[in-house]
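Colleague: Compute the structure for the input listed below.
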Amino acid sequence: MDRCNATELLRLKNVKVTRSRIAILDEIIASDNPVNAIDLHNGLSGQLTVNLATVYRMLKLFVDVGILREAFADNGTQYFEMACVHNPAHAHFQCSKCKRIICLSPLTFEDTILFSEASKIGEINEINIKLKGICQKCRSTA
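Modeller: Here you go, the predicted structure:
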């Protein structure tokens, strides 16, 4: 699967290129699922010295310039993912038991009557759908 290049993205969005910004973006680009600031910070601990507050600031910056989008929030924890052509808007499934997050297939406005109805009211510029349930792995071990 094609993926974005962190350095090119930062330059394209006129964001100063730093080692820590590249490292954070590389972690998110490499992830197949949305990430939260704490998991991101923990994942960087072996390769980069950056405090958690800096991670939060960078995530906000990346959302503000359109590199990332907030995928959803769960119990006050925000999850982020790439907002690029390689990762079109899609719904997410979260297992209530193991808390694993699974990205579902991209959505199109034609896929559901809901989007058609909403588009009659105004322009849609964000889709945020999260389904919760029990994943197949947890169901088979129950």
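Colleague: Now do the buried residues in whichever strand or helix holds residue 55.
Modeller: For residue 55, the host element (DSSP states H and E) is helix 52-64. Of the residues in helix 52-64, 54, 55, 58, 59, 61, 62 count as buried by neighbour count, 16 or more other C-beta atoms under 10 Å. Backbone N, C-alpha and C define where each C-beta goes, glycine included.
Colleague: contacting residues for the closest residue to the last one other than its chain neighbours?
Modeller: When the adjacent residues along the chain are set aside, residue 62 lies closest to residue 68, with 4.2 Å between them (C-beta to C-beta, 6 or more residues apart in numbering). Residues in contact with residue 68 (C-beta atoms under 8 Å, 6 or more residues apart in numbering) are 28, 59, 62, 80, 81, 82, 83.
Colleague: by how many degrees do the helix or strand containing residue 39 and helix 52-64 diverge?
Modeller: Here residue 39, judged by DSSP H and E, is contained in helix 37-44. Angle, helix 37-44 to helix 52-64, by axes from the mean of the first three to the mean of the last three C-alpha atoms, to 10 degrees: 110 degrees.
Colleague: what packs against helix 37-44?
Modeller: Of the remaining helices and strands, those touching helix 37-44 by 3 or more C-beta pairs under 8 Å, 6 or more residues apart in numbering; DSSP states H and E are helix 19-30, helix 52-64.
Colleague: any idea of the mean pLDDT for the longest one?
Modeller: When pLDDT is averaged over helix 52-64, the result is 95.
Colleague: and the nearest residue to residue 30 once chain neighbours are set aside, which of the three is it?
Modeller: For residue 30, ignoring the flanking residues on the chain, the nearest one in space by C-beta to C-beta, 6+ apart is residue 3 at 7.7 Å. Recorded secondary structure, residue 3: coil (DSSP: H, G, I helix; E, B strand; the rest coil).
Colleague: What is the neighbour count of residue 3?
Modeller: The number of residues packed near residue 3 is 12, by other C-beta atoms under 10 Å.
Colleague: That one touches residue 86, doesn't it?
Modeller: Yes: the criterion here is C-beta atoms under 8 Å, and residue 3 meets it with residue 86 at 5.9 Å.
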